[in-house]
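Based on what follows, work out the 3D shape:
(2 chains)
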There are 2 protein chains.
Amino acid sequence: MEQQILVHRLPGGLVLLGEPMPWLRTVACTFMLPAGTCCEPEGKEGLAGAVMEMIERGCGDLDSRAYMEVLDALGVETGSAVMTTHSTFGAVMRSDVLPEALHLLGQALCDPTLPADQVEDVRQICMQELRGLEDEPSHRCFTELKRFRFSHPYGRIAQGTREGIESIQHVDIVDFHRRHFSPGGTVLAVAGNFEWKRLCDLVEELFGGWRGEAQSELSPVQVNYGSRHVDFASSQTHLALAYDCPAYGDAEYYPSRAVVGVLSDGMSSRLFTEVREKRGLVYSVLATCYSIRDRGSVLCYAGTTANRAEETLEVLLQTIDSIAQGVSPGELERLKFRIKSSMVFEQESSRARSRQIANDWCVLGRVPTQREVLAEIDRLTCESVREHFLRYRPRAFSLVSVGSEPLELPVGADHT
Amino acid sequence: MEQQILVHRLPGGLVLLGEPMPWLRTVACTFMLPAGTCCEPEGKEGLAGAVMEMIERGCGDLDSRAYMEVLDALGVETGSAVMTTHSTFGAVMRSDVLPEALHLLGQALCDPTLPADQVEDVRQICMQELRGLEDEPSHRCFTELKRFRFSHPYGRIAQGTREGIESIQHVDIVDFHRRHFSPGGTVLAVAGNFEWKRLCDLVEELFGGWRGEAQSELSPVQVNYGSRHVDFASSQTHLALAYDCPAYGDAEYYPSRAVVGVLSDGMSSRLFTEVREKRGLVYSVLATCYSIRDRGSVLCYAGTTANRAEETLEVLLQTIDSIAQGVSPGELERLKFRIKSSMVFEQESSRARSRQIANDWCVLGRVPTQREVLAEIDRLTCESVREHFLRYRPRAFSLVSVGSEPLELPVGADHT
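Sure thing, here's the model as predicted:
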């Protein structure tokens, strides 16, 4: 069946996207709102996450308990994520319960109670999440990398700061919700088994009257290079490394994605081979593309013994730079086939598709079909990937090490 | 479409299971082998994991590199897991590449090269994985709980021990593979889009000549109660708690699963409500059923601030015991609907189904259909769940705390 991406715009600004997957019996919906950490007021770091907690503490006529009971009674699995420019709130369910579930999720978004007497509990939970992060060095090196690499306010992390969480008042929550949970700039992406006409009617009925102010302008994203160390009592060193690349949506994105694929997709990828298989330096190593607005980064992770951290960083940097010598036809063929397979896998997950199309709309203002993406992938050649790499050859890096001994970038690689 | 579970036995003892899911375009296969940690010789803890690493280092005519390249070229995602009595090795793929992929996976299992010159690299990787675990207290409290709670050799963990990994020789790997990677007691479970007759022919062709000795007898599983503390520099305390319950396969399993569901499934569950929502003690809390052979356990986890650890343990124990006062009709209805929904979700994942049917066969000697499981769930009443709980009322616990201060079970709850 030919993939369809359906679009319906509501008067208040909400965009409804639909991708029918009639071979499934589930449906997933994702609200993507312009309510990420970069919208938090100064000194209130952690507020976006606290608001996400609060909207599920009762809405419409339902108190917190009743809301959760109704969702559980429908067998709905909800989830939310706070990101940099946006936040998501979504659910996956049996397709027959979509109307009731969407009604409830809509109430939580548009008409939450935001009970003042639960702010303290939510603060405690946010604090627990932040403290939990401190105990997970493999995650923490990424959050510290984000803080270090990106200019204010883009370096903020979803978990916030102690000071920020401590200072959150009920009025901050109400205010953040009023400003940023608005239909302008918000997408509702539905993927799975549903009937489009009925869905449009339902969404019109539930969200037709939703109004709200638009998002304010954002400053450009800047990045910092160099090294930062976070002291952590351990025999391991966890390192997160980043370098610049074209962002998702850039005309040069796909060659850049191919470079990351050759480095990190699959067991025959270069990082897996050089860092793990040949040298046993790590149990896991990876590279991935990451974008904040028009700023693209390749992020790499490796966790190793403290006394092999320097060698690991060296091999990581050498392996990245080895792309300059070219990509073999076999590497590129394998990568293309892997990407095609992953698209087949994605077609069996309503959740994955609803997130993907929501993100596409927010970043690109449209949703490319899988056929379009495949055409981009098929167009890649060994020459075009190498030329791309040479044009964007990574020379300046941002490095964060978490462990008992600091790690430094080699001279020149820190852009100083 | 009515769910079908197909069975075909090969002369060497291998059992082939099939669950057709023709609405998918993927297929997943899981080999479940009687080659878990409890099969490791004394002093060689970590060997099962090392062998799993080694079998992917070349097989048949292919060296390590060629093997990985062929799998990547097919777009196959492989994965393995070392458990207590069994280990799994499997893959998910586009259904059109199943014949080539199964050929390759079969070679890795039955005819691996096990190259002596790669033992050292594999040892390093195993050591990295073990060290990585030391940095993840939320995982570590579970591995320490396993070590503490279960009698030898069932308390062994997949990551092994430093001494065990250090002592592994090439001959140990060859010997473990020869003894435990044998068709007797092994299941190959295939779920997704495939044609049964062709699959049987293919598996006959690939594995028809596979022979090997049967598994030796295992000792009974015993459990220990009481508390153990693991010192870890942190402001958090991670606690893992276990108590006895009927094992998977026991006639009383489903009421026991219902108790865990009321405690931990969904946002309206008792643990989520009491420990997280009302008191803000934790960011996450959970309970789950876990079986080793005929020994069932309920495992609980909570991570909290050190100074609230005692309160968290107290609320955890009280909430578990609150089931003695009964389960409400609403709780049971929600649970039933959630379980039914999760079965619909599972029908969209070839990987989940192939793992489930492999496990069912190894534990139960048969695969219950979803219809059978639903009948068991539907039979549950508030009375039957409460009566079950009172009959198996948890009085003795095993507790592990990971953090800077030890945590003790209340008097009486440690069975001393």
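
Distance-wise, check the closest residue in space to A:N193 that isn't next to it in sequence relative to A:L299.
Take A:N193 and drop its neighbours on the chain: the residue closest to it by CB to CB, 6 or more residues apart in numbering or on different chains is A:S95, 4.0 Å away. (Glycine included, C-beta is placed from N, CA and C.) Distance of A:S95 to A:L299, computed by CB to CB, to the nearest Å: 36 Å.

Helices along the stretch 101-250 of chain A, start to end?
A:119-134, A:137-149, A:162-167, A:170-180, A:196-207 (DSSP state H, counting those that start in this stretch).

CA atoms of the second one as PDB?
What it means is helix A:137-149. Output of helix A:137-149 as PDB, limited to C-alpha atoms (Å, rounded to 0.1, in the frame of the first residue of the first chain):
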ATOM      1  CA  PRO A 137      27.300   8.500  34.400                       C
ATOM      2  CA  SER A 138      26.600   7.000  30.900                       C
ATOM      3  CA  HIS A 139      23.500   9.300  30.700                       C
ATOM      4  CA  ARG A 140      25.100  12.100  32.600                       C
ATOM      5  CA  CYS A 141      28.000  12.600  30.100                       C
ATOM      6  CA  PHE A 142      25.300  13.400  27.500                       C
ATOM      7  CA  THR A 143      23.400  15.900  29.700                       C
ATOM      8  CA  GLU A 144      26.700  17.600  30.600                       C
ATOM      9  CA  LEU A 145      27.800  17.700  27.000                       C
ATOM     10  CA  LYS A 146      24.500  19.400  26.100                       C
ATOM     11  CA  ARG A 147      25.100  22.000  28.900                       C
ATOM     12  CA  PHE A 148      28.700  22.600  27.800                       C
ATOM     13  CA  ARG A 149      28.200  22.600  24.000                       C
END
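
so how far is that helix off the chain centroid?
Centre-to-centre, helix A:137-149 and its host chain are 14 Å apart (CA atoms, centre = their mean, to the nearest Å).

Quick one: mean pLDDT for that helix?
For helix A:137-149, mean pLDDT is 96.

Now do the buried residues in it.
Buried residues in helix A:137-149, counting neighbours by 16 or more other CB atoms under 10 Å in any protein chain shown, are found at A:137-149.

of those residues, closest to B:G303?
Of all the buried residues of helix A:137-149, A:H139 has the smallest distance to B:G303: 13.4 Å, by CB to CB.

Hmm, A:E129 and that closest one touching each other?
No: using CB atoms under 8 Å, A:H139 makes no contact with A:E129, being 11.1 Å away.

near chain B, which residues of the stretch 201-350 of chain A show up?
Residues of the stretch 201-350 of chain A lying near chain B by CB under 8 Å from any CB of the partner chain: A:233-236, A:238, A:265-269, A:273, A:276-284, A:303-305, A:330, A:333-334, A:337-338, A:340-342, A:344-345, A:347-350.

Provide a list of residues in contact with the closest residue to A:E376 other than its chain neighbours.
Of all residues not flanking A:E376 in the chain, A:Y254 sits nearest, at 4.5 Å (CB to CB, 6+ apart). Contact analysis of A:Y254 by CB atoms under 8 Å, 6 or more residues apart in numbering or on different chains lists A:376-377, A:379-380.

Same question for A:E277.
B:64, B:121.

Distance check, it against B:F181.
From A:E277 over to B:F181 (counting by CB to CB), the distance is 21 Å.

Give me the nearest residue to the residue nearest the centre of chain A, chain neighbours excluded.
Compute the mean C-alpha point of chain A, and by CA atoms, centre = their mean the closest residue is A:M83, 6.1 Å away. Distances taken as CB to CB, 6+ apart place A:G36 nearest to A:M83, at 4.9 Å, with adjacent residues excluded.

ok, the closest residue to A:G209 other than its chain neighbours - how many residues close by?
In space, and not counting its chain neighbours, A:G209 is closest to A:G12: 7.4 Å by CB to CB, 6+ apart. A:G12: 15 surrounding residues under other CB atoms under 10 Å in any protein chain shown.

Could you look up the SS state of A:G12?
coil (DSSP: H, G, I helix; E, B strand; the rest coil).

Just give the number of residues close to A:L6.
16.

which ones are touching it?
Taking CB under 8 Å, 6+ apart as the test, what A:L6 contacts is A:17-20, A:196.

one more time with 10 Å
A:16-20, A:190, A:196-197, A:199-200, A:357, A:367 (CB atoms under 10 Å, 6 or more residues apart in numbering or on different chains).

again with A:E69
A:E69 neighbours (CB under 10 Å, 6+ apart): A:62-63, B:266-268, B:273, B:330-331, B:333-334.

farthest-separated two in the residues you listed?
Taking CB to CB, no two of these sit farther apart than A:D63 and B:E333, at 19.2 Å.

follow-up on the earlier one: can you narrow the buried residues of helix A:137-149 to ones near chain B?
A:137-140 (CB under 10 Å from any CB of the partner chain).

Export the contacts of A:E69 to a markdown table and append columns for secondary structure.
Supplementary listing: the contacts of A:E69 in a markdown table, determined by three-state DSSP:
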| residue | secondary structure |
| --- | --- |
| A:L62 | strand |
| A:D63 | strand |
| B:G266 | coil |
| B:M267 | coil |
| B:S268 | coil |
| B:T273 | helix |
| B:G330 | helix |
| B:E331 | helix |
| B:E333 | helix |
| B:R334 | helix |
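
Buried among those? Make that a ChimeraX selection.
Listed next is the ChimeraX selection for buried residues among the contacts of A:E69, using 16+ other CB under 10 Å:
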select /A:62 /B:266,267,268,273,331,334
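
Out of the contacts of A:E69, which is nearest to A:R156?
After measuring these against A:R156 - CB to CB - the closest member comes out as B:M267, at 26.7 Å.

could you pull out the strands for the stretch 301-416 of chain A?
A:397-403 (DSSP state E, counting those that start in this stretch).

Tell me which residue of it lies closest to chain B.
Taking CB to the nearest CB, chain B has its nearest neighbour within the stretch 301-416 of chain A at A:S341, 2.9 Å off.

in the sheet, who's paired with the nearest residue to A:L407 once chain neighbours are set aside?
Among residues not flanking A:L407 along the chain, A:S401 sits closest, at 3.8 Å (CB to CB, 6+ apart). When assigned by DSSP bridges, A:S401 has beta-bridge partners A:H229, A:L239.

Good, we can wrap up now.
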